[in-house]
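> Here is a sequence with its predicted model. Questions after.
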2 protein chains.
Amino acid sequence: MSATEPPSYPIDDRNRMKRRHDRGFYDHATVHRLLDAAALCHVAYVIDGQPFCTPTLFWREGSRLYWHGSSASRMLRSLEAGTPACLTVTHFDALVLARCGFNHSADYRSVMAFGQARLLTDPAEKQRALVVMVDRLFPGRTAQLRPSTGQEIKATSVISMDIDRAAAKIRAKGVADDDEDYALPIYAERLPIRTVLGPAEPCPRLLPGVARPANLAGYQDGRPLEDALAEAHALAGLP
Amino acid sequence: MSATEPPSYPIDDRNRMKRRHDRGFYDHATVHRLLDAAALCHVAYVIDGQPFCTPTLFWREGSRLYWHGSSASRMLRSLEAGTPACLTVTHFDALVLARCGFNHSADYRSVMAFGQARLLTDPAEKQRALVVMVDRLFPGRTAQLRPSTGQEIKATSVISMDIDRAAAKIRAKGVADDDEDYALPIYAERLPIRTVLGPAEPCPRLLPGVARPANLAGYQDGRPLEDALAEAHALAGLP
């Protein structure tokens, strides 16, 4: 890497695009932007040769990913010693209807990140992670909450994974038919998909006078979820 | 299973809920309903001990799942002999802000389906699958398209997986705090997330007079994507 190139994840057989090379990105900026615009990921891991694909909430700090779960879960028990994992985030942007079956497609932006997943065992590190887990989504919120108990901290496990390979894949071109097919009288369209926030539903058991705090202002009815999440990640001041 | 019980997927160590038993469902009706309301899934599979988590479009017929990809892709080469896989669908319904960090959560509906993934090798079976791939989303559309060429069929691979274990997991309760915490002057809310269709974007190169066909009427601006997909699956007449 020269001094003028932006930082990128290294490439090997795990993350190299096997086809559609034009859709692949390995630079930190692209990979991190797509990760930070999401709260939900899917993690693949293996137990006794059986793959599992588990949805979970996650967050990023630098080139490290974190996710959490119950100390009783299947995944976590397999992670104590550290295990290879693949964490994937997908933004599903559109269905694409072309003039032939073959060119039907989807617009999407995804990241696959590879590394060794490990349980956080250091108590101070774990306690800090549980704060970031909330504050990454809602900056400043932990300070507004009832403090966690020792039992709660014990019942929650946090997994971390340093990204050692990653690839972002982006298709954003809508209808792309074969040249000669544009002459056919066949309808084609891009059908956009948007994931947006609905109106916040305050807990019906709020005490009188308890108002929505200002630090939730980014989560507004109708706003794209990814914009609110990316903004919150930036406000949380994470690297 | 007695004659009066609805059909369910069998349960073993792969799909049994290890915790939160109240969130688990194994009956065909629940599992299939959540699958048919989605077009995007994530598939976990293993190559040389390394797990991969790949986003892809998929569909269901009975207890069989299908997805597709290029014949050149990494996943497909590992699937020729048949390989264990886990296909997961997640509907992300809400972020949940509670009165303590531990009770922060998400409302979601997910399905994890397990089986042996296999390449379709029979040409007739594959050709039929490529029709269903399009018509499951847009009933009747293949008949409106330029027919696929032999080269296109060759360049597309279809994978099928008979579900031998599956579990649906549903959290749909919003804020659920510890009893004593409701007495605290802390704000809590459920923040709904909706995945909806945007306005269709007709291809700018449509020939004059080519109108949107009536079989796309279910895909309307503002409609929840899952409703359009579930309706299309039903209209396609798949088992």
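Thanks, I have it.

> close enough to count as contact, residue A:166 and residue A:114?
Yes: using C-beta atoms under 8 Å, residue A:166 makes contact with residue A:114 at a distance of 6.8 Å. To be clear about C-beta, it is placed using only N, CA and C from the backbone, and glycine gets the same treatment.

> now residue A:25, nearest residue through space, not along the chain?
For residue A:25, ignoring the flanking residues on the chain, the nearest one in space by C-beta to C-beta, 6 or more residues apart in numbering or on different chains is residue A:168 at 4.2 Å.

> show me what contacts the one you found?
Residue A:168 is in contact with A:24-26, A:30-31, A:34, A:109-111, counting by C-beta atoms under 8 Å, 6 or more residues apart in numbering or on different chains.

> before we move on, what about residue A:161?
Residues in contact with residue A:161 (C-beta under 8 Å, 6+ apart) are A:64-66, A:85, A:87, A:113, A:115-118.

> what's downstream of the host helix or strand of it, the next helix or strand?
Secondary structure assignment for residue A:161, by DSSP states H and E: strand A:156-162. Moving toward the C-terminus from strand A:156-162, the first helix or strand encountered (DSSP H and E) is strand A:165-171.

> May I see the buried residues of that next one?
A:165-171 (16 or more other C-beta atoms under 10 Å in any protein chain shown).

> Check the burial of residue A:211 by counting its neighbours.
8 (other C-beta atoms under 10 Å in any protein chain shown).

> Contact partners for it?
Applying C-beta under 8 Å, 6+ apart, one finds that residue A:211 lies in contact with residue B:187.

> go with 10 Å
Contact partners of residue A:211, counting by C-beta atoms under 10 Å, 6 or more residues apart in numbering or on different chains, are A:202, B:187.

> residues of the lengthiest helix in chain A that come out buried?
Ranked by number of residues, the top helix in chain A under DSSP state H is helix A:123-135. Within helix A:123-135, the residues scored as buried using 16+ other C-beta under 10 Å are A:126, A:129-130, A:132-135.

> For residue A:45, which non-adjacent residue is closest in space?
Counting by C-beta to C-beta, 6+ apart, the residue nearest residue A:45 is residue A:85, at 4.7 Å.

> on that earlier part again, so which bits of the strand holding residue A:161 are buried?
Within strand A:156-162, the residues that qualify as buried by neighbour count (16+ other C-beta under 10 Å) are A:156-161.

> By neighbour count, which of the contacts of residue A:168 wins?
Across the contacts of residue A:168, the neighbour count under other C-beta under 10 Å reaches its highest value at residue A:111, namely 28 neighbours.

> For residue A:35, see how far away that residue is.
6 Å (C-beta to C-beta, to the nearest Å).

> Can you check which residues contact both of the two?
Taking C-beta under 10 Å, 6+ apart as the criterion, residue A:111 and residue A:35 both touch A:41, A:60, A:87, A:89, A:163, A:166, A:168.

> contacting residues around the fifth one?
With contacts taken as C-beta under 10 Å, 6+ apart, residue A:163 has the following neighbours: A:9, A:15, A:28, A:31-32, A:35, A:60, A:62-65, A:87, A:111, A:113-115.

> From those, list the ones also adjacent to chain B.
Restricting the contacts of residue A:163 to those touching chain B (C-beta under 10 Å from any C-beta of the partner chain) yields A:15, A:87, A:111, A:113-114.

> Can you pick out the most distant pair from those?
Pairwise distances across the ones next to chain B among the contacts of residue A:163 (C-beta to C-beta) peak at 12.2 Å, for the pair A:15 and A:87.

> any shared contact partners between the two?
Counting by C-beta under 10 Å, 6+ apart, the residues touching both residue A:15 and residue A:87 are A:111-114, A:163, A:166.

> So residue A:17 is in contact with residue A:11, correct?
Yes: under the criterion of C-beta atoms under 10 Å, residue A:17 is in contact with residue A:11, at a separation of 9.0 Å.

> which neighbours do those two share?
Common neighbours of residue A:17 and residue A:11 are listed as A:24, A:26, A:167 (criterion: C-beta under 10 Å, 6+ apart).

> Next, the residue nearest to residue A:220 when sequence neighbours are not counted: phi, psi?
Distances taken as C-beta to C-beta, 6+ apart put residue A:197 closest to residue A:220, at 6.5 Å, once the chain neighbours are dropped. Dihedral pair for residue A:197: phi -80, psi 140, per degrees, to the nearest 10.

> okay, and for chain A, where does confidence drop off?
For chain A, the stretches flagged by pLDDT under 70 are A:1-4, A:19, A:69-79.

> At which residues are the strands of it located?
Secondary structure of chain A (DSSP state E): strands located at A:24-25, A:40-47, A:50-61, A:64-70, A:83-97, A:105-119, A:156-162, A:165-171, A:189-197, A:201-202.

> could these go into a markdown table alongside distance to residue B:93?
Below are these laid out as a markdown table (distance: least, C-beta to C-beta, whole Å):
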| stretch | distance to residue B:93 |
| --- | --- |
| strand A:24-25 | 30 |
| strand A:40-47 | 11 |
| strand A:50-61 | 12 |
| strand A:64-70 | 19 |
| strand A:83-97 | 15 |
| strand A:105-119 | 20 |
| strand A:156-162 | 22 |
| strand A:165-171 | 26 |
| strand A:189-197 | 11 |
| strand A:201-202 | 11 |
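
> Wait, residue A:51 touches residue B:115, no?
No: distance between residue A:51 and residue B:115: 11.0 Å, which falls outside the contact criterion (C-beta under 10 Å).

> Need the overlap of contacts for these two.
Both residue A:51 and residue B:115 are contacted by B:84-87, under the criterion C-beta under 10 Å, 6+ apart.

> picking that back up, which one of the shared contacts of residue A:111 and residue A:35 is nearest residue A:103?
The nearest member of those to residue A:103, counting by C-beta to C-beta, is residue A:168 at 22.8 Å.

> which residues touch the closest residue to residue A:130 other than its chain neighbours?
Ranked by C-beta to C-beta, 6+ apart and with sequence neighbours excluded, the top spatial neighbour of residue A:130 is residue B:101, at 5.9 Å. Listed by C-beta under 10 Å, 6+ apart, the contact partners of residue B:101 are A:130-131, A:133-135, A:141-142, A:145-148, A:152-153, A:156.

> So which of the shared contacts of residue A:17 and residue A:11 is the closest to chain B?
For chain B, the closest of the shared contacts of residue A:17 and residue A:11 turns out to be residue A:167, at 11.1 Å, with distances computed as C-beta to the nearest C-beta.

> That closest one pairs with what?
Using DSSP bridges, the bridge partners assigned to residue A:167 are residue A:112.

> what residues are up against it?
Residues touching residue A:167, when contacts are defined by C-beta under 10 Å, 6+ apart, comprise A:9, A:11, A:14-17, A:23-26, A:30-31, A:110-114.

> give me that answer again for 6 Å
Contact partners of residue A:167, counting by C-beta atoms under 6 Å, 6 or more residues apart in numbering or on different chains, are A:15, A:24, A:26, A:112.
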